[in-house]
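>>> pasting the sequence and the predicted model now:
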Amino acid sequence: MNTLRTKVTALLVGAVLVVALLATGLSLLLLTPPHFEEADAALATQWGLLADLAAGAGQDGALVNPAATAGLRAAPPGGTAEPGPTEGINAALARAGRTERVTIRRVEGVPWPIISGQLADGRWLLMPLTAPPAPQNGYWALAGWVLVMALGTTLVMVVAVRRLTEPLALLERTTATIGPDGRLDPLPEEGPTEVRAAAEAINRLSSRLKQAMESRIRLVAAAGHDLRTPMTRMRLRAEFIEDEAERTTWINDLIELDRIADSAIRLVREEVNDTARSRVRLDELVGEVVAELKGIDMKVELDHAEPVEVMARPLSLCRAIRNLAINAATHGRSARVSVKAVEGEAVLTIADEGPGIPEALMERVFEPFFRVDPARGKPVPGAGLGLAIAHEIITASEGRLVLTNRPGGGLVQQVHLPLARP
């Protein structure tokens, strides 16, 4: 949960709880504690008055009710003594100059403490303590207060932070939905003001990017198409060159230009291709490509092919596999191909015996018109678009193309495609 929303929520909740705890602690420090001595003095005075009245009444009013919790009794009450309050009241009686000593007890079944003391004639005077009893669940009340405070603060902060960071979350969700073709569906411009503003900005950005991409695609396609006419005229003129070597050089250069224009148009077509994908038997498709290339005397061998199905555009995927196999057969001297299923993916492996690619150039191999001929051996004809086209096709099929150098020499091209669901 390492997200901005989580971090901001945790920061705000922690800050509010710390402030609340500090304020509570400061309040407890500043509140005046209760004056226990004054309360003890008042209780001692009440006790003295009752004791004097009981002594003046004599034995006639002696044994009121042996089970009573207030009045006169012949024996002391039971229960548990409270040492602290007892000492306080006895100290107050001593300060008042009285010789009686009392005991405060907790009697089972009685909601208040009982003050009991023996009079001079041997009788016991019982008086209820006129003070509210201490709460029985004080710690639970404190724990409940802390819990309610924490939960309430967290809930409020989660709602507030979610509302404030919704534009960022919208941007994150939108970015995650961008497909391999870079296209983005328009977002509904509704909701709070901030969300509407973010949706409008994303839609404007998507529209401008789409216009820029379409403009670039049209430019490349138009340039590749328009080059065909002057190249055709130049090839006709080259046919009339009397010097055979010069004529061959011109024709080869024109063939190379035609190949570059054709590859550029194919790359543009793959970028704008929106044909629906279908189920494709990858092992059968690879077998057809290998047979086709072997028919034109290319060193391509199929080692192993497990029956696997993927979702792709058949013609485009065939073109991508053909480009990779041709690269291995031409630049790497030979190609060995295998197809297998590994952990929910179809893996196509094309290994060659060439010099490989320098690690420093590995990140640039998918760039259009990028050539690695100096590192791969003698120059061969090509536009430098084969890997770019294959990468575009495989990425559009929700797959990935990985190139690695073999320790013993050679390059390994691996195509990973998700298996088609049953």
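That came in fine, so what should we check first?
>>> now for Leu22: which residues touch it?
Neighbour list for Leu22: empty [criterion: CB atoms under 8 Å, 6 or more residues apart in numbering]. The C-beta positions use only the backbone N, C-alpha and C, and glycine is treated the same way.
>>> element containing it?
Using DSSP states H and E, Leu22 sits within helix 4-30.
>>> so for that helix, mean pLDDT?
The pLDDT scores in helix 4-30 average 80.
>>> buried residues, that helix. List them.
5, 8-9, 12-13, 16-17 (16 or more other CB atoms under 10 Å).
>>> in the chain, where's the longest helix?
Using DSSP state H, we find that the single longest helix of the chain is helix 193-238.
>>> tell me what it is packed against?
helix 166-176, helix 244-272 (3 or more CB pairs under 8 Å, 6 or more residues apart in numbering; DSSP states H and E).
>>> what's the most buried one of those helices?
Greatest average neighbour count among the helices and strands packed on helix 193-238 goes to helix 244-272 (a mean of 16), per mean count of other CB atoms under 10 Å.
>>> what about the helices in the stretch 301-422 of the chain?
For the stretch 301-422 of the chain, the helices defined by DSSP state H, counting those that start in this stretch cover 314-331, 373-376, 386-396.
>>> coming back round to it: of the buried residues of helix 4-30, which is the nearest to Pro307?
Arg5 (45.9 Å; CB to CB).
>>> now do the contacts for Leu171.
With the criterion set at CB under 8 Å, 6+ apart, Leu171 makes contact with 198, 202.
>>> quick one, helices of the stretch 51-200 of the chain?
83-95, 138-164, 166-176, 193-238.
>>> that older thread, mind putting the helices of the stretch 301-422 of the chain into CSV with distance to Pro83 and mean pLDDT?
Shown next, in CSV, are these (distance: least, CB to CB, whole Å; pLDDT from 0 to 100):
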stretch, distance to Pro83, mean pLDDT
helix 314-331, 90, 89
helix 373-376, 94, 46
helix 386-396, 83, 84
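>>> quick one, which of the ones you listed is nearest to Arg98?
helix 386-396 (98.8 Å).
>>> how far off helix 314-331 does the closest one point, in degrees?
150 degrees (axes from the mean of the first three to the mean of the last three CA atoms, to 10 degrees).
>>> kindly export helix 386-396 (C-alpha atoms) in CSV.
Provided in CSV are the C-alpha atoms of helix 386-396 (Å, rounded to 0.1, in the frame of the first residue of the first chain):
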residue,chain,number,x,y,z
GLY,A,386,12.4,-5.9,-38.9
LEU,A,387,12.8,-6.0,-35.2
ALA,A,388,10.7,-2.8,-34.8
ILE,A,389,7.8,-4.3,-36.7
ALA,A,390,8.1,-7.6,-34.8
HIS,A,391,8.2,-5.7,-31.5
GLU,A,392,5.2,-3.6,-32.5
ILE,A,393,3.1,-6.7,-33.4
ILE,A,394,4.1,-8.7,-30.3
THR,A,395,3.4,-5.8,-28.0
ALA,A,396,0.0,-5.3,-29.6
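>>> on contacts alone, who are the packing partners of it?
Secondary elements touching helix 386-396 (3+ CB pairs under 8 Å, 6+ apart): helix 244-272, helix 314-331, strand 400-405.
>>> what strands flank the last one, and is each parallel or antiparallel?
Partner strands and pairing direction for strand 400-405 (DSSP bridges) are strand 411-418 (antiparallel).
>>> can you give me the buried ones in the strand it pairs with?
Those would be 411-413, 415-417, for strand 411-418 by 16+ other CB under 10 Å.
>>> and that strand, how far out from the chain middle?
Distance of strand 411-418 from its chain centroid, counting by CA atoms, centre = their mean, to the nearest Å, is 29 Å.
>>> and for stretch 413-422?
26 Å.
>>> let me see the mean pLDDT of it.
90.
>>> go on, stretch 284-298?
So the average pLDDT for stretch 284-298 ends up being 91.
>>> for that stretch, buried residues please.
Those would be 285-286, 289-290, 293, 298, for stretch 284-298 by 16+ other CB under 10 Å.
>>> possible to save the residues you listed as CSV with distance to Gly48?
Converted to CSV, those look like this (distance: CB to CB, whole Å):
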residue, distance to Gly48
Leu285, 110
Val286, 110
Val289, 114
Val290, 115
Leu293, 118
Met298, 120
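>>> my guess is Met298 meets Asn327, correct?
No. The pair Met298 / Asn327 is not scored as a contact, 10.9 Å apart, by CB atoms under 8 Å.
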